[in-house]
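In: Show me the folded form of this:
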Amino acid sequence: MTEALAFAAWLGAALVVLSDGRRGLALGLGLVGAALAGLALATSHQLGGIALLAGGLVAAGLRLRGGPESWGLMEPGSTPRIILTVVTGLFSLWIAVTVATGDQASLRFAVLAVLGLGGARVLQAREQAASMTAISSLALALGAAAAFTGGDPGLTPYVIAAAIAAAGSALSPAQRIGT
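Out: Have a look, this model is predicted:
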């Protein structure tokens, strides 16, 4: 089950990278939030998982309000982004399974993949909607990383991550960043 959730997190982050329209960005962000919440729940962080799920779904709903009005999936010139998603997924899998030790390989993979893809999207996004969606996914991944702790990290990191994700999607994507 956790492997499917980790794959869903990677797929959601890949949608954020490959989409330029509000629908694709919202779907990707919602998938990232739901998958990371499921992984937090699987590691016995119930309240944290609920907070991540709420933050991810609110952020995805808010993303539907602004940005280019389309799906914007794999528009012309997206070949480098496709390669990026595959390479990041394979690299994250390698790190999570072979380099890192301990339990929770699925959670490690998901967090690494979302952080890598979200960071890359922030650096190359031209539209503010895509950039802010990637920042929201980064916040959710950092919140889910709180589940790595041996003990109970409390609810605070999850709530902060959910609030940052929602705030990132609430910002109005009115102008272009760069040219």
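In: Setting aside sequence neighbours, what's the nearest residue to residue 72?
Out: residue 21 (2.9 Å; C-beta to C-beta, 6 or more residues apart in numbering). The way it works is simple: take the backbone N, C-alpha and C, and place the C-beta from them, glycine included.
In: What score does the closest residue to residue 116 other than its chain neighbours have for pLDDT?
Out: Spatial nearest neighbour of residue 116, excluding adjacent residues (C-beta to C-beta, 6+ apart): residue 88 at 4.4 Å. Per-residue confidence (pLDDT) for residue 88: 90.
In: Just say helix, strand or coil for residue 88.
Out: helix (DSSP: H, G, I helix; E, B strand; the rest coil).
In: so who does it touch?
Out: Counting by C-beta atoms under 8 Å, 6 or more residues apart in numbering, residue 88 touches 113, 116-117, 120.
In: Make a markdown table out of those and add secondary structure.
Out: Formatted as a markdown table, these follow (three-state DSSP):
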| residue | secondary structure |
| --- | --- |
| 113 | helix |
| 116 | helix |
| 117 | helix |
| 120 | helix |
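In: List the residues that contact the residue nearest in space to the middle of the chain.
Out: Nearest to the mean C-alpha position of the chain, counting by C-alpha atoms, centre = their mean, stands residue 137 at 3.2 Å. Counting by C-beta under 8 Å, 6+ apart, residue 137 makes contact with 12-13, 16, 28-29, 32, 114, 117-118, 165.
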